[in-house]
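*Asks:* I'd like to go over a predicted model; first the sequence, then the structure.
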2 protein chains.
Amino acid sequence: MSERVYAGTLRDAHIEQSVLLKGWVQKRRDLGGLIFIDLRDKSGLVQVVFNPDISKEALETAEAVRTEYVVEIKGNVVKRDPSTVNPNMSTGTIEVLANELTIINKAKTPPFVIQDETEVSEDLRLKYRYMDLRRGPLQETFKLRHKTTQAVRNYLNNNDFLEMETPILTKSTPEGARDYLVPSRVHAGEFYALPQSPQLFKQLIMMGGFEKYYQIARCFRDEDLRADRQPEFTQIDIETSFMSSDDIMDMTEEMMNQVMKEVKNLDITLPLPRMPYDEAMARYGSDKPDTRFGMELTHVSEVLANSDFKVFKSAIESGGKVCLLNVKGQATNYSRKDIDKLTEFVKVYGAKGMAWLKAEGEDLKGPISKFLSEDEVKGIKETADVEDGDLLLFGSDKTSVVYDSLGALRLKLGRELNLIDNNLFNFLWVTDWPLLEYDEELGRYFAAHHPFTSPVEEDASLLETDPGNVRANAYDLVLNGYELGGGSIRIYKKEQQQQMFRVLGFTEEEANDQFGFLMEALEYGAPPHGGVALGLDRIIMLLAGRTNLRDTILFPKTASASDLLTEAPSPVSHTQLDELSIGLTEKATTEKE
Amino acid sequence: MSERVYAGTLRDAHIEQSVLLKGWVQKRRDLGGLIFIDLRDKSGLVQVVFNPDISKEALETAEAVRTEYVVEIKGNVVKRDPSTVNPNMSTGTIEVLANELTIINKAKTPPFVIQDETEVSEDLRLKYRYMDLRRGPLQETFKLRHKTTQAVRNYLNNNDFLEMETPILTKSTPEGARDYLVPSRVHAGEFYALPQSPQLFKQLIMMGGFEKYYQIARCFRDEDLRADRQPEFTQIDIETSFMSSDDIMDMTEEMMNQVMKEVKNLDITLPLPRMPYDEAMARYGSDKPDTRFGMELTHVSEVLANSDFKVFKSAIESGGKVCLLNVKGQATNYSRKDIDKLTEFVKVYGAKGMAWLKAEGEDLKGPISKFLSEDEVKGIKETADVEDGDLLLFGSDKTSVVYDSLGALRLKLGRELNLIDNNLFNFLWVTDWPLLEYDEELGRYFAAHHPFTSPVEEDASLLETDPGNVRANAYDLVLNGYELGGGSIRIYKKEQQQQMFRVLGFTEEEANDQFGFLMEALEYGAPPHGGVALGLDRIIMLLAGRTNLRDTILFPKTASASDLLTEAPSPVSHTQLDELSIGLTEKATTEKE
């Protein structure tokens, strides 16, 4: 009996055994001279009974016990009376009759009850994160996180990858998001940066001849946070030499298949669908389509090319598009007021308004119907497969606005109308991304992914002549409408890397200042290489069925990048600042006063 | 033949197969109209032959090829002529007759030759780290590092531990080493700190009810670097609830045994020796004894308590000690000059001089022999097991100086005299450490380990009355004279933690400011907990038989904490500093000019 057993593992097979338990008091009830305790440890719960006929002393100690006390219990496992069997508890057919009870540590009344569902504010839960973490769903999430990372490692270890660690104290490079900086004490006036990703190091590892690298890597971005962003996050980071983009996609989806098997006991069908970026945008209005439901965009620009409705006509004439969503059978369920609300929704995405029609019998009715010719009505009905009772919602503007607004509207309606099967895990690859994006305001191209991404081979010659139309040899993995991450084949020849920097508006000096070491490395036998990086936190969120990224991170930060538990960040001493040769500007000192 | 094969894997079994190879040109030789290339990839080397009778074109291309070019080769595996078999190469019985050769990427002449042994300066190798990493011993070291971390994970995963990630952006706490700081942009004037270890977070994880945690954790210390220190380093970080120090030591040594099995194919004898700190100091003059050889300290204070030799007498009278090392059979090998050099050596450790004697026949001869009585000579000989030809080296001073100087001298002589079997891996635990150390200069106690270490139970009541004599419930794991790491049972009651802070000279306010969240957590059902942390880099160094910690880190920093490859740290823009509400002090700006 000296070996401790885990509470949640006790079953009928343990009946008549004496056991030693350690854990937390989840709940205490007093009933008919007896005391009942639900004892919780990392494995789950078991009911413990204190009976004066068994041990008066244990019963007396039990009277002092409160919720979240840490206790040690010796007792015997007994069958429950059939009337008290609890089918909702895996230990519900037995209970432990206590002989001895020791209070190991006391607990003040918790600021909130430790139970699966809670209404308590997130701020309070984050301040007392160690108590929040005791709740079942969070315990399960971090077990799932553990299983997921081990499944990833199992796959990669078995496929000849080496796990390798890249530095956290690295060099600041202004291209990309904002860096977190670390002042150097030894080199006064100089700074390290925390890595936004191990991108350059993993490329250097390939130049180091390792060929297959991975890391569950911590990354940092000092950006304003949204619900699904954290200042530090974790990515599954992979790089390979001598592999094509197809090889890398094959490998990545096998890895994800192994994760789904080990973690969710599900098989996904391989190979995963691979969809060019242009197709994803045209069909779903999104570069990360949620393919768990249909309601794809219907393109009706051709049908409406000569429309009398000016909004349509001018959109098309100025190079834009008219598309519609056919919301099947919802004509009568959406009032004019409801549709007005949807119109407000699409305006957030740049739409100036939203035309609509309802199919009534053979007709299409609505404010714009009077502008439509018979042929146009026929054309719309055929193209969009319209039946009686369908609701048609139009987007007409420049292409990006049509896609963005209808893409978002499609998702909103999919959720509202319960079109999404939450048991599905729909993975797909989006390929053939644009390599560069033009920033109108700054008047220059930016790397859509990062400046080390290679163009697809047949577009390479256009890099300096028609950069906007060069496709990247890049691929993103999408799950249920979320981007899990992506990758690319990298540039491995110095001349092409120089060309890329020129296109991005770097002078030769700037390119050398920031990336001289990379360009030099490309001259000393750099192999062709490429890889992928997937956001682990988001994968966990989706696999655990959570909606908040913070639930997947053990000690997350708030939207203002604060840790409410330890109260970081915090002021530091003058001595510390002096040693680092930095001081606070007036702004900082004023705010502190 | 479309599948690439790895060069180093080719054997007789592949003879007559056609193969596709990709890799680097290690070496090219031209001989009798043929060209020979050693092709290297991550698996090793194979010899490729270009013969005009097979392919004139391939031979011509081969003429353009230089060292470190990246190439693709198609060819046939053939048996080597017996006279050219190379028994030093695992592929030495075969070679590949090339049909086709494609140059994938060129290489300039490398700044140093990529070969196992190199005389090149470390700075140059670090600047071109990606080429340094191609060398065989470094390739092997990082494979070993991978295997070691996976062996650690295998053990811990199988023993019910969860791998969990703690934050890198944390709160600065002045106790301990110097923190790396990260200015907050959102909270002007405030700073995050990079963790020196996940200590407090792993304790909070225990309070979160997880019971068994581990992490291969990156840690940071802004200290002046020595050969075996890096600003960022990695530790195997473990914490458990409800386990005793014996449980934790048992578990840790099983884990290390699994590592030794999987990585070195060696079994270590368990349980490992456990030696109290006082014994380690008394026998080896070290808290991390190298037990691969004897030559322990002999204590002769009793024998010499009334010595006429004043140095001995006064050392003993003022509470110190006289000890000696018996350097067996070395009397004639050490001249007076040699011994003078050893005397200079021990002075570094605070010794003021070093008495010595040589055993000649029945006599002990040397400058101090005239002070010794017959009984004393006899006593020394008996206590130290002296035989003809032995050299006796004395330390006499306060105890710490005797131990430090003779401990260091013992190691030096062990190496000089080849007493150490380099094939041995001698692990041991050092236990019962002092909990606190008194700093004479600052006039206060410091935590010997950290302020969360608990005292051994029977000493707990002395914490405020006799703090210097309280033993810690702590243990260090030692391998071949190196401290691999250590751990302790932590304080889990608020009252004791408060008491500890008082002993360390914290006011209540200071304690609450810095560690209020921990003290609060102790009040809400903290379980008894403890753990261990082992330095991964140092483990790798010892298992790989390296002497330089930088060889175990992929992209290490120099002694001035610089990355010579990327040139980090580096200056950043004014915009970046402004956003962080910090500026450079005069010192920094002056140094930059």
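*Replies:* Sure thing, it's come through. This structure is a prediction, so every number in the text was calculated from the model and none was measured.
*Asks:* and the helix or strand encompassing residue A:24, C-alpha only, in PDB?
*Replies:* Assigned by DSSP states H and E, residue A:24 belongs to strand A:18-31. Provided in PDB are the C-alpha atoms of strand A:18-31 (Å, rounded to 0.1, in the frame of the first residue of the first chain):
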ATOM      1  CA  SER A  18      -6.100  -0.600   0.200                       C
ATOM      2  CA  VAL A  19      -4.800   2.500  -1.500                       C
ATOM      3  CA  LEU A  20      -2.700   5.600  -0.900                       C
ATOM      4  CA  LEU A  21      -4.100   8.700  -2.600                       C
ATOM      5  CA  LYS A  22      -2.700  12.300  -2.900                       C
ATOM      6  CA  GLY A  23      -4.300  15.200  -4.400                       C
ATOM      7  CA  TRP A  24      -6.700  18.100  -4.100                       C
ATOM      8  CA  VAL A  25     -10.200  18.300  -2.600                       C
ATOM      9  CA  GLN A  26     -12.500  19.100  -5.400                       C
ATOM     10  CA  LYS A  27     -15.600  19.100  -3.300                       C
ATOM     11  CA  ARG A  28     -16.800  18.200   0.200                       C
ATOM     12  CA  ARG A  29     -20.300  17.200   1.200                       C
ATOM     13  CA  ASP A  30     -21.600  16.300   4.600                       C
ATOM     14  CA  LEU A  31     -24.500  13.800   4.600                       C
END
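*Asks:* report whether that strand contacts chain B.
*Replies:* Yes. Under the criterion of Cβ under 8 Å from any Cβ of the partner chain, chain B is reached by strand A:18-31 at A:22, A:24. Yep, even glycine has a C-beta here, placed from its N, CA and C like the rest.
*Asks:* so where's chain A shaky on pLDDT?
*Replies:* Low-confidence segments of chain A (pLDDT under 70): A:1-2, A:175, A:226-228, A:591-593.
*Asks:* max-length helix in it?
*Replies:* Criterion DSSP state H: the longest helix present in chain A is helix A:136-158.
*Asks:* re the thing from before, what does the following helix or strand past the strand holding residue A:24 rub up against?
*Replies:* Downstream of strand A:18-31, the next assigned helix or strand under DSSP H and E is strand A:34-41. Applying Cβ atoms under 8 Å, 6 or more residues apart in numbering or on different chains, the contact partners of strand A:34-41 are A:6-8, A:21-30, A:45-52, A:59, A:62-63, A:65, A:71, A:73, A:96, A:134, B:209, B:211.
*Asks:* tell me where the stretch 101-250 of chain A has strands.
*Replies:* With DSSP state E, counting those that start in this stretch, the ranges of strands along the stretch 101-250 of chain A come out as A:162-163, A:181-183, A:191-193, A:212-220, A:232-241.
*Asks:* count of neighbours near residue A:421?
*Replies:* Using other Cβ atoms under 10 Å in any protein chain shown, residue A:421 has 9 other residues around it.
*Asks:* and it, what does it touch?
*Replies:* By Cβ under 8 Å, 6+ apart, the contact set of residue A:421 is A:292, A:293.
*Asks:* please identify which helix or strand holds it.
*Replies:* Secondary structure (DSSP H and E) places residue A:421 outside all helices and strands.
*Asks:* how close does it sit to residue A:293?
*Replies:* Distance, residue A:421 to residue A:293, using Cβ to Cβ, to the nearest Å: 8 Å.
*Asks:* next: residue A:459.
*Replies:* Taken as Cβ to Cβ, the span from residue A:459 to residue A:293 is 33 Å.
*Asks:* could you do residue A:582 as well?
*Replies:* Residue A:582 is 53 Å from residue A:293, by Cβ to Cβ.
*Asks:* quick one: closest of the strands of the stretch 101-250 of chain A to residue B:198.
*Replies:* Proximity to residue B:198 (Cβ to Cβ) singles out strand A:212-220 among those, at 12.2 Å.
*Asks:* quick one, helices of the stretch 351-500 of chain A?
*Replies:* A:374-383, A:399-416, A:494-503 (DSSP state H, counting those that start in this stretch).
*Asks:* got the buried residues for the longest one?
*Replies:* In this case it means helix A:399-416. Across helix A:399-416, burial judged by 16 or more other Cβ atoms under 10 Å in any protein chain shown covers A:399, A:401-411, A:413-414.
*Asks:* then stretch A:116-135?
*Replies:* A:125, A:126, A:127, A:128, A:129, A:130, A:131, A:132, A:133, A:134, A:135.
*Asks:* ok, is that stretch in contact with chain B or not?
*Replies:* Yes. Under the criterion of Cβ under 8 Å from any Cβ, chain B is reached by stretch A:116-135 at A:128, A:129, A:130, A:131, A:132, A:133, A:134.
*Asks:* what does stretch A:571-585 give?
*Replies:* Yes. Using Cβ under 8 Å from any Cβ, we find that stretch A:571-585 touches chain B at A:571, A:572, A:573, A:576, A:578, A:579, A:580, A:581, A:582, A:583, A:584, A:585.
*Asks:* and the end-to-end length of that stretch?
*Replies:* The straight-line separation of the ends of stretch A:571-585 (Cα to Cα, to the nearest Å) is 14 Å.
*Asks:* how far off centre is it?
*Replies:* 36 Å (Cα atoms, centre = their mean, to the nearest Å).
*Asks:* check stretch A:299-309 too.
*Replies:* 39 Å.
*Asks:* CA atoms only: put it into PDB for me.
*Replies:* Extracted in PDB, the C-alpha atoms of stretch A:299-309 (Å, rounded to 0.1, in the frame of the first residue of the first chain):
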ATOM      1  CA  HIS A 299     -19.000  34.500 -61.000                       C
ATOM      2  CA  VAL A 300     -21.600  36.400 -63.000                       C
ATOM      3  CA  SER A 301     -19.500  39.200 -64.600                       C
ATOM      4  CA  GLU A 302     -20.000  37.700 -68.000                       C
ATOM      5  CA  VAL A 303     -23.700  37.400 -67.600                       C
ATOM      6  CA  LEU A 304     -23.900  41.000 -66.400                       C
ATOM      7  CA  ALA A 305     -21.300  42.600 -68.600                       C
ATOM      8  CA  ASN A 306     -23.800  44.900 -70.200                       C
ATOM      9  CA  SER A 307     -26.100  45.300 -67.200                       C
ATOM     10  CA  ASP A 308     -28.400  48.300 -67.000                       C
ATOM     11  CA  PHE A 309     -27.600  48.300 -63.300                       C
END
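*Asks:* who's in contact with that stretch?
*Replies:* In contact with stretch A:299-309 (Cβ under 8 Å, 6+ apart) are residues A:282, A:312-313, A:316, A:321-324, A:355, A:368, A:371-373, A:376, A:379-380, A:383-384, A:394.
*Asks:* list the buried residues of that stretch.
*Replies:* Here stretch A:299-309 shows A:299, A:300, A:301, A:303, A:304, A:307, A:309 as buried, counting by 16+ other Cβ under 10 Å.
*Asks:* contacting residues around the nearest residue to residue A:197 once chain neighbours are set aside?
*Replies:* Excluding the flanking residues, the one nearest residue A:197 by Cβ to Cβ, 6 or more residues apart in numbering or on different chains is residue A:219, at 5.0 Å. The neighbours of residue A:219, taking Cβ under 8 Å, 6+ apart as the test, are A:195, A:196, A:197, A:198, A:232, A:233, A:234, A:235.
*Asks:* same question, residue A:209
*Replies:* Residue A:209 neighbours (Cβ under 8 Å, 6+ apart): A:527, B:24, B:40, B:41, B:42, B:133, B:134, B:139.
*Asks:* of all those, which comes closest to residue A:566?
*Replies:* residue B:133 (37.5 Å).
*Asks:* so which helix or strand takes in residue A:90?
*Replies:* Using DSSP H and E, no helix or strand contains residue A:90.
*Asks:* so what touches stretch A:357-367?
*Replies:* For stretch A:357-367, using Cβ under 8 Å, 6+ apart, the contacting residues are A:331-332, A:355-356, A:368-369, A:372, A:377, A:380-381, A:386-392, A:394.
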